[in-house]
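Asker: The sequence isn't on hand, but the structure is:
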């Protein structure tokens, strides 16, 4: 079994900051790409940021310069530092990880349960 547990969401005022964490646990041999997605009410889920095992990153245009994705491979954890938050950043944020459970096994994408981020005054 593999579990992804997110934390760090909450209510913050516009211009504020939050740091999300997502820890993967269970039967894990290796983790490849780790990503953050978000889904606002009435909208499709969208990709926010990704980071490879070699620490290459990619961001949605809407968060470039404000959000930073990072990872700790020893802890199987991915982070999302969110600064300069705007009301339009309000959404449920999900982490996703490509995980190989055994040597030479298939890469399988796992998802967290989501954490709510609300930006409002």
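Answerer: Sure thing, it's come through. All figures in this text were calculated on a predicted structure; none of them were measured in a lab. Numbering: from 1, shown residues only.
Asker: Now do the nearest residue to residue 73 once chain neighbours are set aside against residue 21, distance only.
Answerer: The shortest distance from residue 73 to any non-neighbouring residue, by Cβ to Cβ, 6 or more residues apart in numbering, is to residue 53 (6.7 Å). The C-beta positions use only the backbone N, C-alpha and C, and glycine is treated the same way. Using Cβ to Cβ, to the nearest Å, residue 53 is found at 18 Å from residue 21.
Asker: If you count surrounding residues, which of those two has more?
Answerer: Higher neighbour count among residue 53 and residue 21: residue 21, with 17 against 13, using other Cβ atoms under 10 Å.
Asker: If we go by neighbour counts, what in whatever helix or strand the more buried one lives in is buried?
Answerer: Secondary structure from DSSP states H and E places residue 21 in strand 18-26. Buried residues in strand 18-26, counted by 16 or more other Cβ atoms under 10 Å: 18, 20, 21, 22, 23, 24.
Asker: and what of stretch 57-73?
Answerer: For stretch 57-73, the neighbour count (16+ other Cβ under 10 Å) marks 59, 63, 67, 68, 69, 71 as buried.
Asker: Surely the fifth one touches residue 50?
Answerer: Right, the one you point to is residue 69. Yes. The pair residue 69 / residue 50 is scored as a contact, 7.0 Å apart, by Cβ atoms under 8 Å.
Asker: which residues are in contact with both of the two?
Answerer: In terms of Cβ atoms under 8 Å, 6 or more residues apart in numbering, residue 69 and residue 50 are both contacted by the residues 34, 36, 57.
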